[in-house]
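Q: Got a predicted structure here, sequence first:
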Amino acid sequence: MPGNYRIADRMSLLDASGIRKVFDLAAKLENPINLSIGQPDFDVPAPAKAEAIAAIERGFNKYTQTQGAADLREAVAAAARREFGWDDDRAYLITSGVSGALLLAFMVTINPGDEVILLDPYFVMYKHLVNLVGGVPVAVATYPDFSPDPARIASAVTDRTTMLVVNSPGNPTGRVYTVDELRAIADLADHHGLLVVSDEIYNSFCYDSPFASMASVCENTLLMRGFSKTYAMTGWRLGWCSGPVEVIEKMTMLQQYSFVCAPSMAQAGGVAAMSCDVSEHVDAYRKKRDMVFEALSGPFGLIKPGGAFYAFVPAPEGATGTEFVARAIDNNVLVIPGNVFSERDTHFRISYATSDEKLAEGLEILLGLAK
Ligand SMILES: Cc1ncc(COP(=O)(O)O)c(C=O)c1O
């Protein structure tokens with residue numbers, strides 16, 4: 001039925017066709033082995049659940065302060081003091097997930113025509129949100145081993161470049177940047193006066209070396225952390241952001257007129273979550289990473305991912321990522337084609353955030369498709 005409305009032009013800048021095609025194909029499957037899901041298969045820590053429920057029961061159901069409830073901001077600041085040695089004057093904003101932080105940050109810092117460097121492959125949201133606010137995403141390839149090459153990045157910088165987005169450990173590659181790699185990016189950003197947005201939502205999932213933060217080597221960093229992955233709180237919509245005071249102030253102002261605040265009960269649960277130990281889950285995910293690497297390194301030439309819970313696997317010789325994914329789906333395994341995250345269509349993404357049994361089953365089927 002024709003309605004008396006129109007869709008704003010900016011929506012034509014968003015494109016969800018790649019991922020939609022996969023889900024359309026997958027809809028035919030009765031009981032797929034789903035290696036496509038970007039969320040942990042473990043549950044929220046019990047103390048966080050109990051605290052959120054208690055918060056609801058005691059009536060903590062109203063708006064919180066826009067910048068976040070005082071106790072959560074204090075818990076976040078205390079954690080940052082321990083990690084970075086930051087003083088108490090630091091600005092923090094509690095957000096509705098890292099997604100909320102990204103949208104606010106891009107809205108308040110990107111002007112139409114501003115160029116934003118994304119290291120390709122990149123988390124799918126970056127490109128679309130940059131487009132939405134009128135910015136120009138500039139993809140800098142990190143193939144074949146997903147290392148951030150300073151020379152390649154430097155050659156993409158123009159006089160319109162204002163921002164660089166870093167995501168380590170990364171989605172979809174699982175690549176973890178070393179301190180030296182972060183420093184090289186920081187030097188470059190410093191030289192060109194770029195704001196670095198550092199999406200560190202997978203900081204807890206580092207398997208071979210301690211996590212290194214961009215915020216510890218680069219002053220001009222807008223740091224984003226989340227609760228979705230570390231504490232399996234994807235549906236609770238909670239994250240936080242810290243960085244240049246004026247940016248955080250403007251993001252807070254915009255939050256006041258948009259999200260208003262992060263969910264109150266999630267904030268209460270978040271305080272409790274922060275003192276929970278998730279190392280058992282991280283150990284389990286390290287083992288899953290090892291299973292994936294052992295299975296796929298030889299036949300597919302997979303480079304060992306060091307973090308998050310993804311592997312970005314080259315499609316076999318002669319097939320595009322999309323073609324291989326169609327074959328995998330025909331064989332009941334759901335994975336995502338690389339072109340959803342990249343300008344190239346040469347890989348596919350596995351999420352190993354599933355049971356060992358399902359993962360083993362899925363890997364065996366993928367191995368059968370390797371030729
Ligand atoms: C790299 C990255 N950033 C941000 C998000 C969104 O996280 P949140 O649930 O905190 O909005 C995701 C979720 O998959 C992600 O992979």
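A: Ah, there it is. Residues are numbered from 1 along each chain as shown.

Q: rest of the way, CA atoms for contacts and neighbours
A: OK.

Q: Residue 166 and residue 201 touch, don't they?
A: No - using CA atoms under 8 Å, residue 166 makes no contact with residue 201, being 11.1 Å away.

Q: can you tell me if stretch 5-24 touches the ligand.
A: No - shown here: stretch 5-24 not in contact with the ligand (CA under 6 Å from any ligand atom), separated by at least 13.5 Å.

Q: Just give me how far that stretch sits from the chain centre.
A: Using CA atoms, centre = their mean, to the nearest Å, the mean C-alpha position of stretch 5-24 is found 20 Å from that of the whole chain.

Q: Neighbouring strands - and their directions - for the helix or strand harbouring residue 117?
A: Under the criterion of DSSP states H and E, residue 117 resides in strand 115-120. Each strand paired with strand 115-120, and its direction, by DSSP bridges: strand 136-141 (parallel), strand 161-166 (parallel).

Q: Give the other helices and strands that the next helix or strand after it contacts.
A: Using DSSP H and E, the helix or strand that follows strand 115-120 towards the C-terminus is helix 124-132. Counting contacts by 3 or more CA pairs under 8 Å, 6 or more residues apart in numbering; DSSP states H and E, helix 124-132 packs against helix 97-109, strand 115-120, strand 136-141.

Q: Turn those into JSON lines, including mean neighbour count and mean pLDDT.
A: Formatted as JSON lines, the entries for the helices and strands packed on helix 124-132 read as follows, by neighbours: other CA atoms under 10 Å; pLDDT from 0 to 100:
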{"stretch": "helix 97-109", "mean neighbour count": "21", "mean pLDDT": "98"}
{"stretch": "strand 115-120", "mean neighbour count": "24", "mean pLDDT": "98"}
{"stretch": "strand 136-141", "mean neighbour count": "20", "mean pLDDT": "98"}
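
Q: and residue 361, which of the ones you listed is closest to it?
A: Distances from residue 361 to each of the helices and strands packed on helix 124-132 were compared using CA to CA; the shortest belongs to strand 115-120, at 29.7 Å.

Q: Helix 97-109 and that closest one, what's the angle between them?
A: Interaxial angle of strand 115-120 relative to helix 97-109 (axes from the mean of the first three to the mean of the last three CA atoms, to 10 degrees): 150 degrees.

Q: and the angle from strand 115-120 to helix 124-132?
A: Regarding strand 115-120 and helix 124-132, their directions subtend 160 degrees when assessed with the same axes, to 10 degrees.

Q: Strand 115-120 vs the ligand: in contact?
A: No - where contact is defined by CA under 6 Å from any ligand atom, no part of strand 115-120 touches the ligand; the two come within 12.0 Å at best.

Q: residues making contact with that strand?
A: For strand 115-120, the external contacting residues (CA atoms under 8 Å, 6 or more residues apart in numbering) are 126-127, 130, 135-143, 148, 153, 156-157, 160-166, 341-343.

Q: Output the set of residues of the stretch 101-250 of the chain in proximity to the ligand.
A: For the stretch 101-250 of the chain, the residues found near the ligand under the criterion CA under 6 Å from any ligand atom are 123, 171, 199, 201, 226, 228, 234, 237, 239.

Q: quick one: which of the residues you listed is nearest residue 52?
A: Of all those, the one with the least separation from residue 52 (CA to CA) is residue 237, at 12.9 Å.

Q: shaky segments in this structure?
A: Judged against pLDDT under 70, the low-scoring parts of the chain cover residues 1-2.

Q: Can you give me the domain assignment for it?
A: Here the domain parsing of the chain from automatic domain parsing is 9-38+278-368, 46-273.

Q: got CSV for these, with distance to residue 3 too?
A: Converted to CSV, the domains of the chain look like this (distance: least, CA to CA, whole Å):
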stretch, distance to residue 3
domain 9-38+278-368, 17
domain 46-273, 24
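
Q: List the buried residues for stretch 158-178?
A: If you call a residue buried by 16 or more other CA atoms under 10 Å, then stretch 158-178 has these buried ones: 161-178.

Q: Now name the helix or strand holding residue 290.
A: Secondary structure from DSSP H and E places residue 290 in helix 279-300.

Q: Listing partners with orientation, what would you give for the helix or strand following that helix?
A: Sequence order places strand 310-314 as the next helix or strand after helix 279-300, per DSSP H and E. Taking DSSP bridges as the criterion, strand 310-314 pairs within the sheet with strand 347-351 (antiparallel).

Q: What lies in contact with the helix or strand just after the partner strand?
A: Sequence-wise, the next helix or strand beyond strand 347-351 is helix 356-368, with elements assigned using DSSP H and E. Contacts with helix 356-368, where a contact means CA under 8 Å, 6+ apart, come from 33, 35, 288, 291, 292, 295, 296, 299, 328, 331, 333, 352.

Q: how close does residue 191 sit to residue 220?
A: 11 Å (CA to CA, to the nearest Å).
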